[in-house]
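Engineer: Attaching a predicted model along with its sequence, questions to come.
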Amino acid sequence: MSDTSFSPLIPPIASIDDAAFRHQVQQLLDNKTKPLGSLGLLESLALRIACILGSTQPRLVDPQMVVFAADHGLVAQGVSAYPADVTWQMVGNFLAGGAAVSVLSRQHGVALNVVDCGVARDFEPQADALPPGAPRLWLRKIAPGTQDSSLGPAMTMAQCEAAIANGRALLQALPGNALLLGEMGIGNTSSASLLLARLCNLDVETVTGAGTGLSGEGVARKAAVLRRVLARHADVQEPLAVLAAMGGLEVATMVGAVLQAALERRVIVVDGFITSAAVLVASRLQPAVLERCVYAHRSGEPGHSHLLAALQAQPLLDWQLRLGEGSGAALAWPLLESACAMLRDMASFASAGVSTQSNA
């Protein structure tokens, strides 16, 4: 754990593991009107959410999708199939309601928040009063993107810490008991691969994929660039220092949001590769963060399977999604609602007057 893990920036986060409460919830599940364990992983999900919220009658209220957006200086090295301008253009698409995460969030009644953490374009502030259900833009820019991490640190430590503080403050301003993580930043699969390779001591080539659609040649070129970045920062090992050297402003802001959400015992719905990388960093600062996480899906990015293994995570979906944005988290959201409804509302054998299994 980092020496800064108990600084004012990084709040101490206690474990919520409670064997007696877990047993109580498991007993409730086992006595529902169904064969034992017959709802499979839905039961495991209900148990996890109940333990996070500390309630045998869990309700998910005012869920908040937060899409953290920023640009990456490393894009100058040709690590993405798309130009950096796509970051700010997609922010506009999120706010206009046309992106996948916009559509899915709207469908499921999840509030959509878009955060300018470090986009290389300025946005006009929104009006104070927005139409019901309209996406909200939060201006929390630290800088217009990171520096090129192949030439030096992506962020100064002051920038990294300011981004984490922004993430924590943002969560404190949002209602509800569930945070759905999303992101946007051309080049951020490179950042996620770097964080994973360094923090988990993995070969960067095995955790580097096509991102937004690189060819095989492009992936090889990307991996070579990432090797240079890791070599340049070979002496950087401590989690916050790794984040500053090779991370993104959206990732650092997300780390702060994850820490605050965990502190408040919100359910944290983790989307894909980049959001999982932010959770990895947060968990190296405060391991109990992982007790509050539900993993929406396994990404088509090759590094994500390695990252999920490092987090000992079991994703809900395995559909080869690799869009990002928080689209997988929004897609998986109804499963969380179903898990809560099943635990809360399904009858027990006793209350329904249904016979239990015989000993035969």
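Structural biologist: Now that the structure is in, tell me what you want to look at. Numbering: from 1, shown residues only.

Engineer: tell me how far the lowest-mean-pLDDT helix or strand in the chain is from the chain's mean position?
Structural biologist: Least confident helix or strand of the chain, by mean pLDDT, DSSP states H and E, is helix 349-352 with a mean of 89. Computed by C-alpha atoms, centre = their mean, to the nearest Å, the chain-centroid distance of helix 349-352 equals 39 Å.

Engineer: Check which helices and strands that helix sits against.
Structural biologist: When contacts are defined as 3 or more C-beta pairs under 8 Å, 6 or more residues apart in numbering; DSSP states H and E, helix 349-352 packs onto no helix or strand at all. Where C-beta positions appear, they are placed from N, C-alpha and C, glycine not excepted.

Engineer: Give me the contact list for it.
Structural biologist: Applying C-beta atoms under 8 Å, 6 or more residues apart in numbering, the external contacts of helix 349-352 come out as 31-33, 355-356.

Engineer: what's the helix or strand for P315?
Structural biologist: Per DSSP states H and E: P315 is located in neither a helix nor a strand.

Engineer: okay but it is in contact with H297, surely?
Structural biologist: Yes. Here P315 reaches H297: they are 5.0 Å apart, a contact under C-beta atoms under 8 Å.

Engineer: more neighbours, those two?
Structural biologist: H297 (23 against 20; other C-beta atoms under 10 Å).

Engineer: and the spatially closest residue to L226 that is not a sequence neighbour, how many neighbours?
Structural biologist: Leaving out its chain neighbours, the residue that sits closest to L226 by C-beta to C-beta, 6 or more residues apart in numbering is V204, at 4.7 Å. Residue neighbour count, defined by other C-beta under 10 Å, stands at 21 for V204.

Engineer: go on, A310?
Structural biologist: For A310, using other C-beta under 10 Å, the count is 16.

Engineer: same for the strand or helix carrying it, what does it pack against?
Structural biologist: If you go by DSSP H and E, A310 is part of helix 302-311. In terms of contacts (3+ C-beta pairs under 8 Å, 6+ apart), helix 302-311 is packed against helix 188-199, helix 273-285, strand 293-295.

Engineer: Now do the helix or strand just after that helix against helix 273-285, angle only.
Structural biologist: Where DSSP H and E defines the elements, the next helix or strand beyond helix 302-311 is helix 327-345. Calculated by axes from the mean of the first three to the mean of the last three C-alpha atoms, to 10 degrees, helix 327-345 forms an angle of 70 degrees with helix 273-285.

Engineer: Next, the contact list for A261, please.
Structural biologist: 171, 179, 268, 292.

Engineer: hmm, I was thinking of G248
Structural biologist: 70, 72, 117-118, 146, 154, 185, 187-188, 191.

Engineer: tell me the two of the residues you listed that are most distant?
Structural biologist: Maximum pairwise distance among those (C-beta to C-beta): 13.7 Å, between C117 and G187.

Engineer: For the two, indicate the residue with more neighbours.
Structural biologist: Counted by other C-beta under 10 Å, C117 and G187 do not tie: C117 has more neighbours, with 31 against 26.
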